[in-house]
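Engineer: Predicted model, plus sequence, below.
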Amino acid sequence: VQLVESGGGLVQPGGSPRLSCAASGFIFDDYAIAWFRQVPGKEREGISCIRSTDGKTYDAPSMKGRFTISRDNAKNTVYLQMNSLTPEDTAVYYCNAEDVLGIRSYWGQGTQVTVSS
């Protein structure tokens, strides 16, 4: 089982990068996928999730509508479009896959996003 995040790096304030989470080793269509982020010394924070059954999404209110999650089941990939980034968005971004029963849960290794001029 693998979840591989990509698309992070150094971003200018106001930038709009798109993160990708490529999955392999499990039945992707059966799993909800979520994005989290974590700053050193702080708890991991949920950003968005997308269901497997109907593609419905949930976005954390704290993100103020700036982030959009989407999935391409044909490519076993989930995306996180991020807009209007500020230095406060600097964090390691992780994707998580969880089956519908909440029994199996997998994490990627994370991708660092640094927002700085």
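Structural biologist: Now that the structure is in, tell me what you want to look at. Residues are numbered from 1 along each chain as shown.
Engineer: so how far is residue 6 from residue 58?
Structural biologist: When Cβ to Cβ, to the nearest Å is applied, the distance between residue 58 and residue 6 equals 23 Å. Yep, even glycine has a C-beta here, placed from its N, CA and C like the rest.
Engineer: Tell me who's in contact with the residue most central in space within the chain.
Structural biologist: When the chain is reduced to its mean C-alpha position, the nearest residue by Cα atoms, centre = their mean turns out to be residue 35, at 2.7 Å. For residue 35, the residues meeting the contact criterion (Cβ atoms under 8 Å, 6 or more residues apart in numbering) are 19, 21, 46-49, 67, 69, 78, 80, 93-96.
Engineer: Sticking with it, tell me its helix or strand.
Structural biologist: strand 31-38 (DSSP states H and E).
Engineer: and that strand, how far from the chain's centre?
Structural biologist: In terms of Cα atoms, centre = their mean, to the nearest Å, the centre of strand 31-38 is set 5 Å apart from its chain centre.
Engineer: model confidence over it, on average?
Structural biologist: The average pLDDT within strand 31-38 is 97.
Engineer: again, but for stretch 102-109
Structural biologist: In this model, stretch 102-109 has an average pLDDT of 94.
Engineer: Could you give me the buried positions within that stretch?
Structural biologist: Residues of stretch 102-109 classed as buried by neighbour count (16 or more other Cβ atoms under 10 Å): 106, 108.
Engineer: quick check, nearest of the contacts of residue 35 to residue 28?
Structural biologist: Using Cβ to Cβ, residue 78 comes nearest to residue 28 of the contacts of residue 35, at 8.8 Å.
Engineer: ok so, going back, in space, what's closest to the residue nearest to the centre of the chain - neighbours in sequence excluded?
Structural biologist: If the residues on either side of it in the chain are set aside, residue 35 comes closest to residue 47, at 4.3 Å by Cβ to Cβ, 6 or more residues apart in numbering.
Engineer: Can you name the residues that contact the one you found?
Structural biologist: Contact criterion Cβ under 8 Å, 6+ apart gives 34-37, 59-60, 63, 67, 69, 80, 93 as the residues in contact with residue 47.
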